[in-house]
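Undergrad: Return atomic coordinates for the entry below.
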Amino acid sequence: MWEASATGSWPAGEQASGAAHHGRGFLPCLDPIEGQRHIRAMPKMPQPPRKPPLVTPLAAMKLKPVFVDRVGKLVRLRTLVPGEVTPEIADGLTDPAIMEGLNAPRRAMGLDAFRAYVGSFDNLRRNLMAIRDSVDDTPLGLLFLDVDLRHKLGSAHIVIGKGEHRRMDVIYDATRVLMWHFFTERKLEKLTFAPLSRNRAAVAACRVGMLRLEGELRSHRIDGRTGERVDQMLFAMTLDEFRQRMKALVEPPAFSGAGVASTHVVDQLIAAGWKPPAPG
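TA: Residues are numbered from 1 along each chain as shown. As a prediction, the model looks like this:
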């Protein structure tokens, strides 16, 4: 078998046998310095790229969904999953008052379609929680939370189902439980609520919750039924404002759930500068 010399030259008298290698993936070429011939391997044929494994954006960033289960004085917030969607929950969203608040063009999407919709939430950036009665677990409404991880912002929208559940104390407690989860567990720094200006119940709830009005956005949305432009209000609370309100509390609020330390609330209050009232 023919072999190239250590210097890479083509030995005299071997041109013929060397030429036989042309068909075996080798080409002779002229050394530009010494004028000698040496063997150069032909490049391999390109291969199709290997199919990468399917990786979701959250998995690529090594982020995991956050499943919430937190209990306050009146309500329980728990991440809603498709298997927990009942006709009662789906039917509650067909209420005209609910569709008005959501600015939705349709009265209902159907049980199967709603379950598919619930399954589309990643529960990290797009979160969907059921608002339930803290005593008997009766579904009261839904809480939507969009999170901007880069800027540590969140935008929430609360929807209460049946009319008898649309009480200010229920909305206030749901908002309070959300804030404690949002600021003390998710470590986010600003929470906003943006109800339509015509949604008087939602606007009143924001005011009762002592959220700061940042402004009113004129003609900011399109009415889902009429096509007219409608105004939207923007309420907010920052982490610093939340801590200031913590300092003003008379007693620790109700906030518990799986994985929450028994001292979590008091520890957070003390860290914010809260001092328990003197006895007597």
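Undergrad: which element is residue 261 on?
TA: Following DSSP states H and E, one finds residue 261 outside all helices and strands.
Undergrad: wait, what's in contact with it?
TA: residue 267 (Cβ atoms under 8 Å, 6 or more residues apart in numbering). C-beta coordinates here come from the backbone N, C-alpha and C atoms, glycine included.
Undergrad: any idea how far it lies from residue 277?
TA: Here the criterion is Cβ to Cβ, to the nearest Å. By it, residue 261 lies 23 Å from residue 277.
Undergrad: now swap in residue 62 and tell me
TA: To residue 277, residue 62 is 44 Å away according to Cβ to Cβ.
Undergrad: swap in residue 111?
TA: 50 Å.
Undergrad: of those two, who's got more company?
TA: Ranked by neighbour count (other Cβ atoms under 10 Å), residue 111 and residue 277 place residue 111 first, with 14 against 8.
Undergrad: is it true that that one touches residue 85?
TA: Yes - under the criterion of Cβ atoms under 8 Å, residue 111 makes contact with residue 85 at 7.0 Å.
Undergrad: residue ranges of the strands in this protein, please?
TA: Using DSSP state E, the strands assigned to the chain run over residues 26-30, 37-41, 69-71, 75-79, 126-133, 139-148, 153-160, 190-193, 212-222, 229-238, 256-257.
Undergrad: how much space between residue 204 and residue 114?
TA: Residue 204 sits 28 Å away from residue 114, going by Cβ to Cβ.
Undergrad: What count of nearby residues applies to residue 169?
TA: As a burial measure, residue 169 scores 11 neighbours (other Cβ under 10 Å).
Undergrad: contacting residues for the closest residue to it other than its chain neighbours?
TA: Computed as Cβ to Cβ, 6 or more residues apart in numbering, the closest residue to residue 169 that is not its neighbour in sequence is residue 74, at 6.2 Å. The neighbours of residue 74, taking Cβ under 8 Å, 6+ apart as the test, are 133-134, 169-170, 173.
Undergrad: try it again with 6 Å
TA: Neighbouring residues of residue 74 by Cβ atoms under 6 Å, 6 or more residues apart in numbering: 134, 170, 173.
Undergrad: Highest neighbour count among the residues you listed?
TA: Among the contacts of residue 74, residue 173 has the most neighbours (other Cβ under 10 Å), with 23 neighbours.
Undergrad: Residue 181 - nearest residue in space that isn't next to it in sequence?
TA: residue 70 (5.3 Å).
Undergrad: Same question for residue 141.
TA: Leaving out its chain neighbours, the residue that sits closest to residue 141 by Cβ to Cβ, 6+ apart is residue 160, at 3.9 Å.
Undergrad: That neighbour touches residue 166, doesn't it?
TA: Yes - at 4.6 Å, residue 160 and residue 166 qualify as touching, with contact defined as Cβ atoms under 6 Å.
Undergrad: who has more neighbours, those two?
TA: Neighbour tally, residue 160 and residue 166, criterion other Cβ under 10 Å: the higher count belongs to residue 160, 25 against 18.
Undergrad: who wins for proximity to residue 249 among the strands of the chain?
TA: With distances scored as Cβ to Cβ, the stretch of the strands of the chain nearest to residue 249 is strand 229-238 (14.8 Å).
Undergrad: sorry, back to before: give me the local confidence score for the residue nearest to residue 169.
TA: Residue 74 carries a pLDDT value of 96.
Undergrad: any idea how far residue 140 is from the residue lying closest to residue 198 once chain neighbours are set aside?
TA: With Cβ to Cβ, 6+ apart as the criterion, residue 198 has its nearest non-adjacent residue at 6.3 Å, and that residue is residue 230. Going from residue 230 to residue 140 by Cβ to Cβ gives 26 Å.
Undergrad: what about the two, which has more around it?
TA: Neighbours per residue, other Cβ under 10 Å: of residue 230 and residue 140, the larger number sits with residue 140, 27 against 18.
Undergrad: if I pick the more buried one, what's in contact with it?
TA: For residue 140, the contacting residues are 131, 165, by Cβ under 6 Å, 6+ apart.
Undergrad: now with 7 Å?
TA: Counting by Cβ atoms under 7 Å, 6 or more residues apart in numbering, residue 140 makes contact with 75, 131-133, 160-161, 165, 170.
Undergrad: got it, and residue 180?
TA: Residues near residue 180 by Cβ under 7 Å, 6+ apart: residue 255.
Undergrad: Please report the distance of it from residue 272.
TA: Using Cβ to Cβ, we find residue 180 at a distance of 12 Å from residue 272.
Undergrad: With that, I have no additional questions.
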